[in-house]
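Enquirer: Predicted model and sequence follow; I will ask about them next.
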Amino acid sequence: MRIFKSLKQECLANKALLVAFEGRCLTSLSYGHQQQNFIYRFVSKNSVDGLIVTTAAAPDEYPTDLYQKHFLTPLDNNVVNYYFDRTLCHTIRLRSENGSAELAEHLISVHGYKKFALMRGPLNSDEATRRFEASKQVLEKHNLFAQAQIYQLSWNSTEALNVAKQIFAQDCLPDAIIFPNDESAIAVLDYINNFKPELVGKIAVVGFDNSTNAKLVSPQLTTVEHPHEKMSADAVRLLKEGDPNKPQLILHDTPLIYRQSCGCHYQSKVESSSQKLFTEDFNLYDNTQSLSYQDFFAKLTTALQFRGISGCYISCYLDDAFEVTETTEPPQYSELIYCYHKGQRKEFESRCMFPTLELLPSEQFSSDEFSCLVVRNLFYASSHFGFVVFDMEQGRLQDLQEISVNIATTLNTIRILEKMQKMAHKNEYLLDVLQQKNAQLATHNKSLQRMSTIDDMTQVHNRRGFYQNFDYLFKHSDANQFTFFYADLDNLKSINDTLSHAAGDSAIKLAADSLKHVFRDADIVARMGGDEFVIAADIDAFTAQNIINRLQQKLEAINQQQNLAFHFGISIGYYSFARDDFVDIDYAIKRADEVLYDNKRKRKAKYAKRKS
């Protein structure tokens, strides 16, 4: 929480946009954490210029090759590692040994404690080792280490609590327990307050980090300062001014923070709190239950306004829901389905699709509109279907977990219900699919033009548009047979040489218009370059031949009715295949092209035979 708040303030001061990819620890074996960590694969130059990776996300035991793959490579090493040393990137960490030594010395010299329980953090963590060794050296100096109880822990507070319960079950209790981090110490203090009141004030409990909650627990936690504000300032400065090819290491001091849990009587002022300081009448779950998108979005808008969130943008992948594996990457395109912008719901006239790694559609939003965004996955069980972006210019970070889970759960329920309704009412389902396809086609036309998928000269699809639209046709068509056509203009070189290239361009446009005339609107007509066209349709070979016959009739009518300075002709070939036999688009195009040239060869041979 302190890191986020500090980075947010620093980015605001530098007029930079903070984008937080909120996952969990990458080494965690927790099923839920592994699902949430898919969000780290969204890191790219499309969304951020530089990256700050905290050790909470990628501890030092996280493999170097994976760290480089997911963080360094996508951003050309413009990365700051927050806490531990990493090669090939800037590092900001603490002089932990100073604060740990001062804390142990304080417990002994000021309070006279002699019996210690010393909790050591992960063995493979350099930071944990520095903290432990500093405390150990002070205890050894006072001849107290030999009788100290030493416990090996992770950073996990649940594990620390289990060890504390073992200690409390002993007949001889320690005077003080030194924890490697605040969250472990806070968990134990909370346990004492609620389950072991007879131990309140009997055992000194201290931590390390000076987390936000350290001032909220009772008694307030004596700890070691973690200067996030200064560290955040250095992190942002390194991303803006540092050379990624010359990694820097910056160390920060860790002064002792005296409070009450060690036996002192210092009281820290609580300026702000991450905790809810009131009882809410508005329960999120009770007030947002719904079985339809529009109803849910209306209720969600009210919930966001009540919680004071600045913005919420929900996007679903265009691909079907999927299960994450070690090699899964975010789908290429997503659709924004809900937009709550600057405190008001915003709706669009047509569907809003965009490249997923941009996080928000650039044609609708500018990065200048935001100061702080938080990105989270949307998934239910192992089924991932989208993500949500929160504008956290205002609002509490702690609310996002509850809101995100509510969005994911409700959308998943609605998705399943819709599927069941479509299966139970096939006619209504088919009509709904048809309406969706029409809307998708209209939206795709706008979106694809934005992505330069329309050929400027002929206004048919270009190569990129052909590939994208065939992928959509293949996935959503109910047909079992498909056909690729390959066509080119007859005698284009002669038209260019004898008339002009402008006449040649006119002939190419006329060819495109003729093809669009004989093919259906749902068929994909594309200019691949020059006078070459490719058409894809979900039809069989018999229907394909009928279309070619109609094309020849169209050409004859043009030559008879239009006063052209040249004979207008189009050569065409086709290749048909079954859905289950389809292998590769380029292979199908090549086969259609081969048929085209075979037809041309036969026609030339026939003409030469007649002429002779």
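Expert: Okay, I see it.
Enquirer: Find the nearest non-adjacent residue to residue 137, please.
Expert: residue 101 (6.8 Å; CB to CB, 6 or more residues apart in numbering). All C-beta atoms are positioned from the backbone trio N, CA, C, and that covers glycine.
Enquirer: hmm, who's touching stretch 15-27?
Expert: 4, 7-8, 11-12, 30, 32-33, 36-40, 42-43, 47-48, 56-59, 61-62, 66, 236, 240, 359, 367, 370-377, 392, 400 (CB atoms under 8 Å, 6 or more residues apart in numbering).
Enquirer: one step back: around the residue nearest to residue 137, how many other residues sit close by?
Expert: Here the number of neighbours of residue 101 (other CB atoms under 10 Å) works out to 21.
Enquirer: go on, residue 442?
Expert: 12.
Enquirer: where does the chain dip in pLDDT?
Expert: For the chain, the stretches flagged by pLDDT under 70 are 268-282, 425-430, 443-451, 606-612.
Enquirer: try it again with 50
Expert: Along the chain, the model assigns pLDDT under 50 to residues 272-279, 448.
Enquirer: now stretch 253-271: how far from the chain's centre is it?
Expert: Centre-to-centre, stretch 253-271 and its host chain are 39 Å apart (CA atoms, centre = their mean, to the nearest Å).
Enquirer: got a list of contacts for it?
Expert: Contacts of stretch 253-271 (CB under 8 Å, 6+ apart): 94-96, 98-100, 102-103, 106-107, 110-111, 176, 185, 189, 204-206, 208, 210, 214-217, 219-227.
Enquirer: before we move on, which element is residue 93 in?
Expert: strand 90-94 (DSSP states H and E).
Enquirer: picking up where we left off before, using ChimeraX, define a selection of the buried residues within the contacts of stretch 15-27.
Expert: Buried residues among those (16 or more other CB atoms under 10 Å), as a ChimeraX selection:
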select :4,7,8,11,36,37,38,39,40,42,43,47,48,57,58,59,62,236,359,370,371,372,373,374,375,376,377,392,400
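Enquirer: quick one on the thing from earlier: helices and strands around the strand holding residue 93, which ones?
Expert: strand 79-82, helix 228-241, strand 249-252 (3 or more CB pairs under 8 Å, 6 or more residues apart in numbering; DSSP states H and E).
Enquirer: Paired strands for the last one, with orientation please.
Expert: Pointing back at strand 249-252 there. The pairing partners recorded for strand 249-252 under DSSP bridges are strand 90-94 (parallel).
Enquirer: Can you tell me what sits against the strand it pairs with?
Expert: By CB under 8 Å, 6+ apart, the list of residues contacting strand 90-94 reads 79-85, 127, 226, 231, 234-235, 238, 242, 244, 247-254.
Enquirer: isn't residue 380 right up against residue 416?
Expert: No. The pair residue 380 / residue 416 is not scored as a contact, 9.1 Å apart, by CB atoms under 8 Å.
Enquirer: Neighbour count for these two, which is higher?
Expert: Set residue 380 next to residue 416 and count neighbours by other CB under 10 Å: residue 380 wins out with 18 against 12.
Enquirer: ok so, going back, which of the contacts of strand 90-94 are buried, as a ChimeraX select command?
Expert: To isolate the buried ones among the contacts of strand 90-94 in ChimeraX, judged by 16+ other CB under 10 Å, type:
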select :79,80,81,82,83,84,127,226,231,234,235,238,242,244,247,250,252,254
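Enquirer: What ranges does the stretch 251-400 of the chain have for its strands?
Expert: 256-257, 311-317, 333-341, 344-345, 352-355, 372-380, 383-391 (DSSP state E, counting those that start in this stretch).
Enquirer: next one: the stretch 51-200 of the chain
Expert: Counting by DSSP E, counting those that start in this stretch, the strands of the stretch 51-200 of the chain are 51-54, 79-82, 90-94, 116-120, 149-152, 176-178.
Enquirer: do the same with the stretch 451-600 of the chain
Expert: Under DSSP E, counting those that start in this stretch, the stretch 451-600 of the chain gives strands at 481-489, 524-529, 532-537, 570-578.
Enquirer: Now mean neighbour count and distance to residue 598 too, for those strands, in TSV please.
Expert: Output for the strands of the stretch 451-600 of the chain, formatted as TSV (neighbours: other CB atoms under 10 Å; distance: least, CB to CB, whole Å):
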stretch	mean neighbour count	distance to residue 598
strand 481-489	24	11
strand 524-529	22	19
strand 532-537	24	16
strand 570-578	19	7
